[in-house]
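K.L.:
no sequence on hand, only this structure:
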């Protein structure tokens, strides 16, 4: 069975954050809260953990994965960001947005969209996610926890434990988040294109 940590949603316990990162460092797959529901993630370079996530979600290598970044400087290491895009991102992060950008060579090829060489990047505002990223010291490979046959992200950590207790290494209980999809912004061209309207205000990018 997986570990199950109750972490305070506003004041995460440092000891439990450190233990969560130890699990990641050992090749673990974890379920953790973000500002848009629960996500499933692993270390960026961990190929075996990524394959486990693909099996759990029943997705293939063409899926658009997301890198969860702790700040803009980290984001710019993994994506080509021009001045206009940088200002837009800076003015709207952290928050409920996923930005589609052209990936740099720092991004493992298996995580990028094969045809467009793009990657989704986020700077979350959820305190647990932010503390995890700070402790890990690099982005987490992440995808929303939408299970096969479902249309929405899982939001109840107790139910997640029942469903995935034997398939993941850790479920972090950070409260019932609800269904809050991010707004997706494509910044790969000359301007910005709103691909999906979610909880992030799309008006700055229209």
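P.N.:
Done, it's in. In this text the structure is predicted, and so the values were computed from the model without any measurement.

K.L.:
residue contacts, the residue nearest the centre of the chain?
P.N.:
Central residue of the chain (Cα atoms, centre = their mean): residue 142, 3.8 Å from the mean position. Residue 142 is in contact with 34, 39, 40, 41, 65, 66, 67, 68, 122, counting by Cβ atoms under 8 Å, 6 or more residues apart in numbering. C-beta coordinates here come from the backbone N, C-alpha and C atoms, glycine included.

K.L.:
pull out the buried residues from the helix or strand of the chain with the lowest mean pLDDT.
P.N.:
The helix or strand of the chain with the poorest confidence is helix 72-78; it has a mean of 87 (mean pLDDT, DSSP states H and E). By 16 or more other Cβ atoms under 10 Å, the buried positions in helix 72-78 come out as 72, 74, 75, 76, 78.

K.L.:
please name the nearest non-neighbouring residue to the fourth one.
P.N.:
By that I understand residue 76. residue 86 (7.3 Å; Cβ to Cβ, 6 or more residues apart in numbering).

K.L.:
and that neighbour, how many neighbours?
P.N.:
14 (other Cβ atoms under 10 Å).

K.L.:
with residue 93 instead?
P.N.:
Residue 93: 20 neighbours (other Cβ under 10 Å).

K.L.:
what pLDDT does residue 64 get?
P.N.:
Residue 64 carries a pLDDT value of 74.

K.L.:
and the one 3 residues further on, by the same measure?
P.N.:
With respect to pLDDT, residue 67 scores 94.

K.L.:
low-confidence ranges in this protein?
P.N.:
Applying pLDDT under 70 to the chain flags residues 61-62, 113-114.

K.L.:
rerun at 80
P.N.:
By pLDDT under 80, the low-scoring segments of the chain are 1, 60-64, 109-110, 112-116, 151-152, 178-180.

K.L.:
so which residues of it form helices?
P.N.:
14-25, 47-57, 72-78, 83-91, 127-136, 157-164 (DSSP state H).

K.L.:
just say which of these is most tucked in.
P.N.:
helix 127-136 (a mean of 21; mean count of other Cβ atoms under 10 Å).

K.L.:
any idea of the angle that one forms with helix 14-25?
P.N.:
60 degrees (axes from the mean of the first three to the mean of the last three Cα atoms, to 10 degrees).

K.L.:
how far away from the center of its chain is helix 127-136?
P.N.:
In terms of Cα atoms, centre = their mean, to the nearest Å, the centre of helix 127-136 is found 11 Å from the chain centre.

K.L.:
so what does that helix touch, helix or strand wise?
P.N.:
helix 14-25, strand 30-34 (3 or more Cβ pairs under 8 Å, 6 or more residues apart in numbering; DSSP states H and E).
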